[in-house]
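Student: Provided below for reference: sequence and predicted model.
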Amino acid sequence: MAFVRVYCGQSPSATVTSATLATAHLDLSSKPAVIFRIAARNEKGYGPATQVRWLQDVSSTPSSIASINSQPINVQATNNSQQVSKRALNLGTLQEGSVTTPVKRLKSDDQL
């Protein structure tokens with residue numbers, strides 16, 4: 001399985017269109033899901049990647065995800081500090097709530 005780049009740029013948000021989702025591979029190994037791999041890059045290189053599994057309803061899983069939803073998915077990452085110690089992802093209205101990426105917590109100068 002290969003990942004397809006759907007966005008590369010400086011904006012902390014992107015939209016995955018329904019046309020891109022229609023060509024995506026549907027992982028049927030355990031629970032049907034679409035897998036997103038999200039990674040940030042700066043002048044020093046790539047940061048750690050995060051994978052998000054968008055679980056699909058087992059009873060209505062088609063062989064292609066083209067008919068799952070015709071709306072695009074909006075992905076947004078925001079920085080909460082200059083050290084980029086936290087990132088949050090909002091997968092739009094297709095999934096309730098938001099997902100926070102796992103990150104290593106950095107000690108402040110007071111705790112060192």
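Tutor: Done, it's in. Numbers count the residues shown, from 1 in each chain.
Student: Can you verify W54 is assigned to a strand?
Tutor: Yes. Assessed with DSSP: H, G, I helix; E, B strand; the rest coil, W54 lies in a strand.
Student: Pretty sure it sits against K31.
Tutor: No. The criterion here is Cβ atoms under 8 Å, and W54 misses it with K31 at 10.6 Å. C-betas here are computed from N, CA, C, even on glycine.
Student: Mind checking which of these two has more residues around it?
Tutor: W54 (20 against 12; other Cβ atoms under 10 Å).
Student: is that one in a bridge, and if so with what?
Tutor: V34 (DSSP bridges).
Student: again with D27
Tutor: Counting by DSSP bridges, D27 is bridged to A33.
Student: Next up, the contacts around it.
Tutor: Residues in contact with D27 (Cβ atoms under 8 Å, 6 or more residues apart in numbering) are M1, A33, V34, I35, R53.
Student: Give me the ChimeraX select line for those, limited to the buried ones.
Tutor: Buried residues within the contacts of D27, by 16 or more other Cβ atoms under 10 Å, are selected in ChimeraX with:
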select :33,34
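Student: which one among the contacts of D27 gets closest to C8?
Tutor: Of all the contacts of D27, C8 sits closest to I35, with 18.4 Å by Cβ to Cβ.
Student: How confident is the prediction for that closest one, by pLDDT?
Tutor: Predicted confidence (pLDDT) for I35: 80.
Student: Could you measure from it over to D27?
Tutor: Between I35 and D27 the computed distance is 6 Å (Cβ to Cβ, to the nearest Å).
Student: ok, now Y46?
Tutor: For Y46 relative to D27 (Cβ to Cβ), the value is 23 Å.
Student: Tell me the spatial nearest neighbour of A39, not counting adjacent residues.
Tutor: Spatial nearest neighbour of A39, chain neighbours left out: A49 (4.0 Å); criterion: Cβ to Cβ, 6 or more residues apart in numbering.
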